[in-house]
Structure formats: C-alpha cells, structure tokens
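Trainee: Okay, here's the prediction I keep looking at, along with the sequence it came from:
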Amino acid sequence: MSYVRWMRQGLFWFLSLSVALASVRFPLLPQEIGLEHMWHQFVRSPLLLYVHILISPLALALVPVQFSSRLRQSRPRLHRWLGRTYGVAILLGGVSGLMIAPNAGGGVVGQTGFFLLAVLWLATTTIGIWQARQRNFLSHRKWMIRSAALTWAAVTLRLYLPVLTGTLGFDTGYMVVAWMCWVPNLLVAEWLLRRVGPRPQALPSGA
C-alpha cells in the first residue's frame with residue numbers, strides 16, 4: 001500500500017470514528033449546550049431526536065469496517081452481521097430523520113434537503129441489502145458505496161457547517177449545508193463508480 005493511500009484510508013477511519021464517537025457528548029452535556037442548534041427539535045420530539053443522534057452514528061462507525069476487504073475475505077459471517085447492524089441503524093436513523101426533517105433549520109429549502117437525504121439514505125441501503133440477499137455482490141457493493149456516501153453526510157456537515165455559518169450566518173449556512181453535506185458526496189461516489197468501478201468480490205460459500 002502506497003503512503004498516500006495509507007494516509008487516505010487513515011483519514012477515512014479517523015473522521016468516521018471520531019465523528020461517531022463525538023455524538024456521545026449530547027447526552028453527557030447540559031441539553032442547552034449539547035443541543036444548542038437543535039434545541040427546538042428536542043422541545044418538539046426528544047425521543048426522535050435522541051434516536052437519530054445516537055443510533056445514526058453507529059452506521060457511520062461501521063462504514064470503514066464494512067469496506068475493509070480483509071474483513072470481508074477472512075470473516076464473511078461477521079461482515080454479514082455487521083451489515084445487518086448497519087441496516088438497522090440506518091432504518092432507525094433514517095426514519096427518525098424523516099420525521100424531524102420538517103422541523104429542521106434553514107427554512108423549507110433546508111428541511112427539503114434533510115428530508116431527501118433521509119429518503120435516499122434509506123433507499124440506497126435497502127437496495128444494497130436486497131442485492132446482497134440476492135447474492136448479486138457487484139450491485140450490492142455499488143449501492144453500499146452510495147449508502148456510505150450518504151452516511152458520510154454526518155462528517156461533511158460538521159466540516160462545512162462552521163465555515164458556512166461563519167461566512168453566511170446560521171440560517172443561510174444551515175440551509176446550504178442541508179444540501180452540501182450530501183449532494184457532493186453522492187456525486188463523488190458516482191464519479192468513482194464510473195471511473196474505477198467497484199471490485200466484485202463474492203463472499204465465500206456459507207457467508
């Protein structure tokens with residue numbers, strides 16, 4: 001593995017796990033501090049908000065693990081069970097995201113962006129899991145790359161939001177990030193799929 005590729009994968013693991021772990025701060029900090037930008041969501045539907053911010057990060061933490069070729073080849077059963085866990089996390093995180101999106105910041109534009117993110121997150125993951133059950137692993141990998149790109153919206157949102165709100169103000173910045181956190185991710189995923197294509201790797205028999 002080249003140094004550049006090693007650094008790229010290391011950054012991928014670090015950002016995925018660090019952002020996922022950072023979500024632990026929400027129940028540990030005073031609510032008006034830990035949820036300062038989502039306090040209105042907490043007031044309206046605390047259960048839905050906590051499901052979304054505490055279950056969704058599990059999917060993010062599993063993204064680099066599930067894309068490990070070493071794990072897929074040496075522990076196919078573990079890969080399958082972690083995939084099921086990933087799917088359940090997205091089911092809960094996506095449905096709760098759909099339900100809280102109409103109350104998100106950024107007005108109608110921001111709310112629509114987050115709503116479509118949740119819809120596509122659920123759809124790409126469902127199709128990807130279905131393709132795996134059909135043992136169409138080439139298509140499965142394509143759809144899970146799309147799903148992972150949308151899962152990574154949690155990372156890109158946190159990278160872009162301080163810059164956007166600092167330059168555009170919170171309301172406008174939040175409206176922009178509702179789309180910017182996932183649309184470029186999905187475009188990059190599609191570009192990669194067309195440029196290099198996924199590596200089809202059938203799981204061993206009995207996986």
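Mentor: Cool, got the structure.
Trainee: which one is residue 185 nearest to, not counting chain neighbours?
Mentor: In this structure, residue 185 finds its nearest non-sequential neighbour in residue 149, 4.2 Å apart by Cβ to Cβ, 6 or more residues apart in numbering. The C-beta positions use only the backbone N, C-alpha and C, and glycine is treated the same way.
Trainee: ok, now which ones touch that neighbour?
Mentor: Residue 149 is in contact with 182, 185, 186, 188, 189, counting by Cβ atoms under 8 Å, 6 or more residues apart in numbering.
Trainee: 7 Å instead, please
Mentor: Applying Cβ atoms under 7 Å, 6 or more residues apart in numbering to residue 149 gives the contacts 185, 186, 188, 189.
Trainee: ok, now which ones touch the second one?
Mentor: Just to be clear, that refers to residue 186. 146, 149, 150.
Trainee: one step back: now the residue nearest to residue 185, what are its backbone angles?
Mentor: Per-residue torsions, residue 149: phi -60, psi -40 (degrees, to the nearest 10).
Trainee: tell me the pLDDT at it?
Mentor: Note for residue 149: predicted pLDDT of 97.
Trainee: how close does it sit to residue 168?
Mentor: Applying Cβ to Cβ, to the nearest Å, the value for residue 149 to residue 168 is 24 Å.
Trainee: Run through the residues that contact the residue nearest in space to the middle of the chain.
Mentor: Nearest to the mean C-alpha position of the chain, by Cα atoms, centre = their mean, lies residue 151 at 1.1 Å. Residue 151 makes contact with 59, 60, 63 under the criterion Cβ under 7 Å, 6+ apart.
Trainee: The same query, at a cut-off of 8 Å, please.
Mentor: Counting by Cβ under 8 Å, 6+ apart, residue 151 makes contact with 59, 60, 63, 90, 121.
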